[in-house]
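Colleague: give me a 3D structure for the following:
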Amino acid sequence: MIAPGWYRDLDPNGRRAFGSTYAAFSMDAMNIQLYSFTLPVLLTLWQLSPSAGGLLATVTLVASAAGGWLAGLLSDRLGRVRVLQATILWMALSTMACGFAQNYEQLLVSRVIQGVGFGAEWAVGAVFMGEIAAAATRGRLVGTAQSAWAVGWGLAAASSTLAIALLPPEPGWRAAFFLSLPMAAVIFLARKRLHESATFLACPGADDWHRIFAAPMLGNTLRGSLLAIGTHGGYWALATWWPTMLKLERGMTNAQAATHMAMLVGGSLAGYALGATLADRIGRRATLALFATGGIVTVLAATELPVSDAVLLALGAPLGLFAMGLYSAIGPVLNELYPTRLRGSGLGFCYNVGRGVAGLAPFAVGGSIATYGIAHSIGIYVSVAYVLVLAAAGVLRETRGLEFVGA
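Modeller: Okay, the predicted model is just below:
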């Protein structure tokens, strides 16, 4: 298989950086998404209410806002590589703590700690990927790195389904949280061999992080945050509650629900590839608008129309495509809004504050279930979130092809 041109253009350090980041993003996604697949078991096993279940998702996302911004700040001062070495260890240990939790309160605390590492890993990894990429192919490189989320999502679905099927419910859900530990060790060793990007080394001296809130950066920060809130809000409302909706509202078996999730994940992989290509071909703004519009139409069809299980299965692929294709554009956009020594601070703030605010979506869906049902609640919140993406696309400046050298 011939590697794509953007990968062949990377130097050895760039290739190691991409490989270790792709693996780390996969692990990140797997560890975080395990909760949505074990949620149906926990709702029954611990007698949790839907609101309590939604809160366990929300606190992780809110904590990720703090973790991502703090890691971004540190990466502007200490370097991307040193921070990334720490984040992979944090994620591994905090995920293991989730598996050891003995009650709801302990799991809540563990999820908060996990959220800090979750936000930190993506924020700094996205900046690192943006800086090793050429301007003309940044969308494809960063978008391809983002596609690791779909791989991790699939790993979470497969591992949790197997663990719960092969073991009794009580040890089964716990076992899933320990499966990524060997992967974390390999990634950490790979990151010990990495060097900083030439872009970062060419700009010595840390900038004042608070400049992201002052002119002329404030406008970029507000627009970037709006984009992140909409992108995350739609995804997390969908991803947290979709497996539960399939099982508890549609009455599907574990095998049937796994098939539906496989279709969703498969569509998301296609979405990453398509979004990454379009972001470089037609621009960031047009790509965001196209995918947000498609997401609204698809989720309303899936949740508001009386569709059969077969039709819902078919809608899973475009639903995943539009939801995750947005991420192929948001990574390059947020990278391109800031100069090098503010890039970690700015991207870390926008992306993770956006994720923190969007973290209210799973909680809101959980609180609406008693009144509207799971599917209808998902449809409402996902649609509203993608309207915010459309608004952000309308006010962002086009940054396709922006050079980082000397920035």
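Colleague: the stretch 301-407 of the chain: helices as residue ranges?
Modeller: 309-336, 340-358, 360-372, 374-395 (DSSP state H, counting those that start in this stretch).
Colleague: for residue 56, find the nearest of those.
Modeller: Across the helices of the stretch 301-407 of the chain, residue 56 has its closest neighbour in helix 360-372 (8.5 Å, Cβ to Cβ). From N, CA and C alone the C-beta is placed, and that goes for glycine too.
Colleague: contact partners of the closest one?
Modeller: 49-55, 57-58, 61, 232-234, 236-237, 240-241, 374, 376-378, 380-381, 385 (Cβ atoms under 8 Å, 6 or more residues apart in numbering).
Colleague: narrow those to those in helices?
Modeller: 50-55, 57-58, 61, 232-234, 236-237, 240-241, 374, 376-378, 380-381, 385 (DSSP state H).
Colleague: where in the protein is pLDDT low?
Modeller: Along the chain, the parts satisfying pLDDT under 70 run over 1, 206, 405-407.
Colleague: the top helix by length along it packs against which elements?
Modeller: Longest helix of the chain, by residue count under DSSP H: helix 12-45. Packing partners of helix 12-45 (3 or more Cβ pairs under 8 Å, 6 or more residues apart in numbering; DSSP states H and E): helix 50-78, helix 80-100, helix 104-132, helix 138-146, helix 148-166, helix 169-175, helix 181-191, helix 217-244.
Colleague: please state the offset of the second one from the chain centre?
Modeller: When C-alpha coordinates are averaged (Cα atoms, centre = their mean, to the nearest Å), helix 80-100 and its chain have centres 16 Å apart.
Colleague: okay, buried residues for it please.
Modeller: The neighbour-count check on helix 80-100 (16 or more other Cβ atoms under 10 Å) flags 80-81, 83-88, 90-92, 94-99 as buried.
Colleague: mind giving me the packing neighbours of that helix?
Modeller: Against helix 80-100 (3+ Cβ pairs under 8 Å, 6+ apart) you get helix 12-45, helix 50-78, helix 104-132, helix 169-175, helix 181-191.
Colleague: picking up where we left off before, could I get the buried residue list for the longest helix of the chain?
Modeller: Neighbour-count burial for helix 12-45 flags 13-14, 16-18, 20-43 (criterion: 16+ other Cβ under 10 Å).
Colleague: could you dump the helices and strands packed on helix 80-100 into JSON lines with distance to residue 399 added?
Modeller: JSON lines is the format used below for those (distance: least, Cβ to Cβ, whole Å):
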{"stretch": "helix 12-45", "distance to residue 399": "21"}
{"stretch": "helix 50-78", "distance to residue 399": "18"}
{"stretch": "helix 104-132", "distance to residue 399": "11"}
{"stretch": "helix 169-175", "distance to residue 399": "43"}
{"stretch": "helix 181-191", "distance to residue 399": "28"}
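Colleague: nearest to residue 214, out of those?
Modeller: helix 50-78 (15.7 Å).
Colleague: any idea how far residue 362 is from residue 111?
Modeller: Distance from residue 111 to residue 362, counting by Cβ to Cβ, to the nearest Å: 12 Å.
Colleague: could you do residue 262 as well?
Modeller: Residue 262 is 22 Å from residue 362, by Cβ to Cβ.
Colleague: same check, this time on residue 68
Modeller: 18 Å.
Colleague: looking at those two, which has the bigger crowd around it?
Modeller: Neighbour count, other Cβ atoms under 10 Å: between residue 68 and residue 362, residue 68 has more, with 34 against 29.
Colleague: hmm, residue 119 and the more buried one touching each other?
Modeller: Yes: Residue 68 is within contact range of residue 119, at 3.2 Å (criterion: Cβ atoms under 8 Å).
Colleague: so for residue 209, which of the helices and strands packed on helix 80-100 sits nearest?
Modeller: The closest of the helices and strands packed on helix 80-100 to residue 209 is helix 50-78. By Cβ to Cβ, the value is 5.3 Å.
Colleague: residue 47: which element?
Modeller: For residue 47, there is no host helix or strand (DSSP states H and E).
Colleague: give me phi/psi at it?
Modeller: When read as degrees, to the nearest 10, the backbone of residue 47 gives phi 50, psi 50.
Colleague: returning to that earlier point: got JSON lines for the helices of the stretch 301-407 of the chain, with distance to residue 73 too?
Modeller: Formatted as JSON lines, the helices of the stretch 301-407 of the chain follow (distance: least, Cβ to Cβ, whole Å):
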{"stretch": "helix 309-336", "distance to residue 73": "15"}
{"stretch": "helix 340-358", "distance to residue 73": "5"}
{"stretch": "helix 360-372", "distance to residue 73": "24"}
{"stretch": "helix 374-395", "distance to residue 73": "23"}
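Colleague: please work out which of those helices is packed deepest.
Modeller: The highest average neighbour count among the helices of the stretch 301-407 of the chain, using mean count of other Cβ atoms under 10 Å, belongs to helix 340-358 at a mean of 27.
Colleague: can you give me the neighbour number for the residue nearest to residue 350 when sequence neighbours are not counted?
Modeller: What sits nearest to residue 350 in space, not counting adjacent residues and going by Cβ to Cβ, 6 or more residues apart in numbering, is residue 224, at 3.5 Å. Burial of residue 224 is recorded as 27 neighbouring residues (other Cβ under 10 Å).
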